[in-house]
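Undergrad: give me a model of this one.
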Amino acid sequence: MNFRQIECFRAVMHTGSMTLAAAQLHTSQPNVSRAIALLQRETHMKLFERVGLRVVPTPEAHALLKEVDRVYVGLESIGAAAERIRTMGVEGLRIAVNPSHGISPVPQVLQVFRGMRPKVPVVVHTADSATICKWVSSRYCDLGLAAYVALPQEVSSELVISERAVCIVPRDHRLARKRKVVPADLAGESFISASPPDVARAAIDRVFVPEVRRLEIETSLATTMCAMVARGLGVSVVSGSVIRELQLASVHAIAFEPAIQFDCYVIRPRQQPEQAVVGDFLQAVRIVARENENAAKKRINRSPA
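TA: The predicted structure follows:
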């Protein structure tokens, strides 16, 4: 017997008619009759008797239908499982991000991603870039957003966002009226710095003469740096996107030169299959990257010469 014969048998049993069964299966009545005849021959059972113009199931047919329906319930559950995996992913989406990327751009990306996959569970882990690459390489996380690429032989990477640094000062600070700040302007200022090892910390350190800054506070979190500046504890240099996302009324951001970039790389397992939801998340990342790039161009065009 084959699946088509079982399908025709079930349709006849549930509709009570070969004609109605044929309409339900989008085929002809002779095709249904032929399938039933073959099924009876192969099972060596009489499944229907004709009474006038009707076909009446035998007790054997009713007994067989119980088994057939049980199989169909299993097939329907498999179909439901396939749809659930397609729409929600294998076990949801697990991503690893730097703390600063957790402020921006991750919330924007998740907002776009939710429009694509509203029901996919998402777990966001925060860690340094080296740990992010390790987690992605080991498949603990599906992908990561990191400030730099570690383990280049084990992961693939794509630079998606490069945000220019800004100097942040308290709103009433003496530098708040300036349109641009250079390292010499921060001479004698209490400077709140990222903790080493940090790729942005190293880039910032290179542009300062050691004695210019007073390195009095170090922290690993950009949010903490901004909150400390808001409390008047010092000044700092952070990613422009972070301070825009936080929108702290008591903190003022000023253009900083020379240019220092805060990079965001997408980290993925090298040469390994990915579930479909990862592709949608990457699409959301690229959408946000384009939006941020266009917004940055508009800010530059509005800036006074």
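
Undergrad: going forward, measure contacts and count neighbours with C-alpha atoms only.
TA: Fine.

Undergrad: so where is the stretch 1-150 of the chain shaky, pLDDT-wise?
TA: For the stretch 1-150 of the chain, applying pLDDT under 70 flags the ranges 75-91.

Undergrad: where do the strands sit along it?
TA: Ranges of strands in the stretch 1-150 of the chain, per DSSP state E, counting those that start in this stretch, are 48-51, 54-57, 93-97, 122-126, 143-146.

Undergrad: got a list of contacts for the fourth one?
TA: Strand 122-126 has contacts (C-alpha atoms under 8 Å, 6 or more residues apart in numbering) with 92-99, 102.

Undergrad: going through these, which ones are buried?
TA: 92-99, 102 (16 or more other C-alpha atoms under 10 Å).

Undergrad: alpha carbons of stretch 216-234, as PDB, please.
TA: Presented in PDB, the C-alpha positions along stretch 216-234 are these (Å, rounded to 0.1, in the frame of the first residue of the first chain):
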ATOM      1  CA  GLU A 216      41.400  58.900  38.200                       C
ATOM      2  CA  ILE A 217      38.600  56.500  37.400                       C
ATOM      3  CA  GLU A 218      38.400  53.400  35.200                       C
ATOM      4  CA  THR A 219      35.400  51.300  34.400                       C
ATOM      5  CA  SER A 220      34.500  48.600  31.900                       C
ATOM      6  CA  LEU A 221      31.000  49.900  31.200                       C
ATOM      7  CA  ALA A 222      30.100  52.800  28.900                       C
ATOM      8  CA  THR A 223      26.900  53.400  30.800                       C
ATOM      9  CA  THR A 224      28.900  53.800  34.100                       C
ATOM     10  CA  MET A 225      31.300  56.300  32.400                       C
ATOM     11  CA  CYS A 226      28.400  58.400  31.200                       C
ATOM     12  CA  ALA A 227      26.600  58.300  34.600                       C
ATOM     13  CA  MET A 228      29.800  59.400  36.300                       C
ATOM     14  CA  VAL A 229      30.200  62.300  33.900                       C
ATOM     15  CA  ALA A 230      26.600  63.300  34.600                       C
ATOM     16  CA  ARG A 231      27.500  63.400  38.300                       C
ATOM     17  CA  GLY A 232      30.400  65.800  37.600                       C
ATOM     18  CA  LEU A 233      33.100  63.300  38.400                       C
ATOM     19  CA  GLY A 234      35.100  64.000  35.200                       C
END
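
Undergrad: need the contacts of strand 122-126 in a markdown table (columns: distance to R50).
TA: Converted to a markdown table, the contacts of strand 122-126 look like this (distance: C-alpha to C-alpha, whole Å):
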| residue | distance to R50 |
| --- | --- |
| G92 | 54 |
| L93 | 57 |
| R94 | 60 |
| I95 | 63 |
| A96 | 67 |
| V97 | 70 |
| N98 | 73 |
| P99 | 75 |
| G102 | 71 |
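
Undergrad: need the max-distance pair from these.
TA: Based on C-alpha to C-alpha, the longest span within the contacts of strand 122-126 runs between G92 and P99 and measures 21.2 Å.

Undergrad: any chance of TSV for the strands of the stretch 1-150 of the chain, columns distance to P258?
TA: As requested, these are exported to TSV (distance: least, C-alpha to C-alpha, whole Å):
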stretch	distance to P258
strand 48-51	88
strand 54-57	87
strand 93-97	27
strand 122-126	29
strand 143-146	23
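
Undergrad: can you tell me which of those is packed in deepest?
TA: Neighbour counts (mean count of other C-alpha atoms under 10 Å) averaged over each of the strands of the stretch 1-150 of the chain peak at strand 143-146, with a mean of 30.

Undergrad: so which elements touch that one?
TA: strand 93-97, helix 129-137, strand 261-269 (3 or more C-alpha pairs under 8 Å, 6 or more residues apart in numbering; DSSP states H and E).

Undergrad: which of these sits closest to A176?
TA: For the helices and strands packed on strand 143-146, the distance to A176 is smallest for strand 261-269, at 21.7 Å, taking C-alpha to C-alpha.

Undergrad: what angle do the closest one and strand 93-97 make?
TA: 140 degrees (axes from the mean of the first three to the mean of the last three C-alpha atoms, to 10 degrees).

Undergrad: partner strands of strand 261-269, parallel or antiparallel?
TA: Strand pairing for strand 261-269, using DSSP bridges, gives strand 143-146 (antiparallel), strand 155-170 (antiparallel).
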